[in-house]
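Student: After the sequence you'll find the predicted model.
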Amino acid sequence: MTFLPPGVDAFTASLLIAISFVTSAITAAFGIGGGVAMLGALAGTVPPAVIIAVHGFVQLGSNLGRAVLQKDHANWRLFWLFMIGAVLGVALGAWLFRAMPERLLLAMLGVFILVMVWVPKPKIPGLERAGMVLGGGISSVLTMFVGATGPFIQSLLVPLGLDRKQIVATQAVMMTAQHALKVAAFGFIGVALVAWLPLIAAMVVSGFVGTVMGTKLLDRMSERFFQITIRVVLTLVALDLLRRAAGITLPGF
């Protein structure tokens, strides 16, 4: 009897468990990067039909650990505004699952991130509340298709004047809730993941250990270094999304 899913050998499983540790540490420290890296690691291992669902389970565990450790710094008012849109967005995303061109989604996501990071926002009363609800809806539709929407969610928070701990913690509780909704939606539409559950559980445990390490790094990091790093990383992620949307292949890939 084996606890490995079909098509996954012991070496590959061990590698995925190790990657879960590293990517969770990155996400705990910076709020982004880990989910995208994990999606890339899964891409060559998990069948396309279940890759977003497996990623959702692993990220649910990773973000839940981060949310528990960092919850005291979260902005819960923003969280509940986000959740209004998230519930509606996941329902719509489940209905549209695989019906919308992936390139269009990638392009929309890339443009939105660049706008949120670099374009000055007008001071309009109520814009923050409406934007958070709308962002919750859009990101939750996208998460059903592209999986890793952490950069999108963080781009909503960066312009709001939060400090580094508030940004990472608030994103953690938002991502936890969003991944929980996504996992429930995939179960509702019949995506079968029973064979993957033992490996997913091992990845979640290693991911929590990584989260503990990454949270310690966040505590030691300067605010200026965090803010500069986040803007650079978000910009690079957005440009890569636009590259993928345009169908441009990098040399050697």
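Tutor: On my side now, so go ahead.
Student: any weak-confidence spans in the stretch 51-200 of the chain?
Tutor: Where the stretch 51-200 of the chain drops to pLDDT under 70, the residues are 96-102, 105-106, 108-109, 112-113, 116-117, 119-128, 145-148, 190-192.
Student: If we use 80, what do you get?
Tutor: Scanning the stretch 51-200 of the chain for pLDDT under 80 picks out 51-53, 55, 93-131, 142-152, 155, 158, 186-193.
Student: Helices along the protein, start to end?
Tutor: Per DSSP state H, the chain carries helices over the ranges 10-30, 34-43, 51-70, 76-96, 102-118, 127-146, 150-157, 164-188, 197-220, 223-246.
Student: Those into CSV, with extra columns for mean neighbour count and distance to residue 3?
Tutor: C-beta coordinates here come from the backbone N, C-alpha and C atoms, glycine included. Listed next are the helices of the chain as CSV, based on neighbours: other Cβ atoms under 10 Å; distance: least, Cβ to Cβ, whole Å:
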stretch, mean neighbour count, distance to residue 3
helix 10-30, 20, 9
helix 34-43, 20, 18
helix 51-70, 24, 15
helix 76-96, 19, 29
helix 102-118, 17, 32
helix 127-146, 22, 28
helix 150-157, 26, 29
helix 164-188, 23, 20
helix 197-220, 19, 4
helix 223-246, 16, 34
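Student: so which of those helices gets nearest residue 4?
Tutor: The closest of these to residue 4 is helix 10-30. By Cβ to Cβ, the value is 5.5 Å.
Student: Give me the contacts around that closest one.
Tutor: Helix 10-30 is contacted from outside by 4, 8, 33-35, 37-38, 41-42, 45, 58, 62-63, 65-66, 69-70, 150, 168, 199, 202-204, 206-215, 217-218, 221, 226, 229-230, 233, using Cβ atoms under 8 Å, 6 or more residues apart in numbering.
Student: how distant is that helix from the center of its chain?
Tutor: 14 Å (Cα atoms, centre = their mean, to the nearest Å).
Student: for stretch 177-184, same thing?
Tutor: Centre to centre, stretch against its chain (Cα atoms, centre = their mean), the figure for stretch 177-184 is 11 Å.
Student: Over to stretch 136-156?
Tutor: Computed by Cα atoms, centre = their mean, the chain-centroid distance of stretch 136-156 equals 7 Å.
Student: ditto for stretch 215-224
Tutor: On Cα atoms, centre = their mean, the centre of stretch 215-224 falls 20 Å from the chain's centre.
Student: and it, what's its mean pLDDT?
Tutor: Average pLDDT, stretch 215-224: 81.
Student: For that stretch, give me every contacting residue.
Tutor: Outside stretch 215-224, the residues that touch it by Cβ under 8 Å, 6+ apart are 25, 28-30, 66, 69-70, 163-165, 168, 226.
Student: what about it, how long is it end to end?
Tutor: This stretch, stretch 215-224, spans 17 Å end to end (Cα to Cα, to the nearest Å).
Student: Check the gap between the residue nearest to residue 226 when sequence neighbours are not counted and residue 135 for me.
Tutor: Residue nearest to residue 226 in three dimensions, not counting chain neighbours: residue 164, with 4.0 Å by Cβ to Cβ, 6 or more residues apart in numbering. The gap separating residue 164 from residue 135 is 20 Å, by Cβ to Cβ, to the nearest Å.
Student: do residue 67 as well
Tutor: 18 Å.
Student: again, but for residue 221
Tutor: Distance check for residue 221 against residue 135: by Cβ to Cβ, it reads 25 Å.
Student: What average pLDDT does stretch 244-253 get?
Tutor: 74.
Student: Flag every buried residue along it.
Tutor: Judged by neighbour count (16 or more other Cβ atoms under 10 Å), stretch 244-253 contains these buried residues: 244-245.
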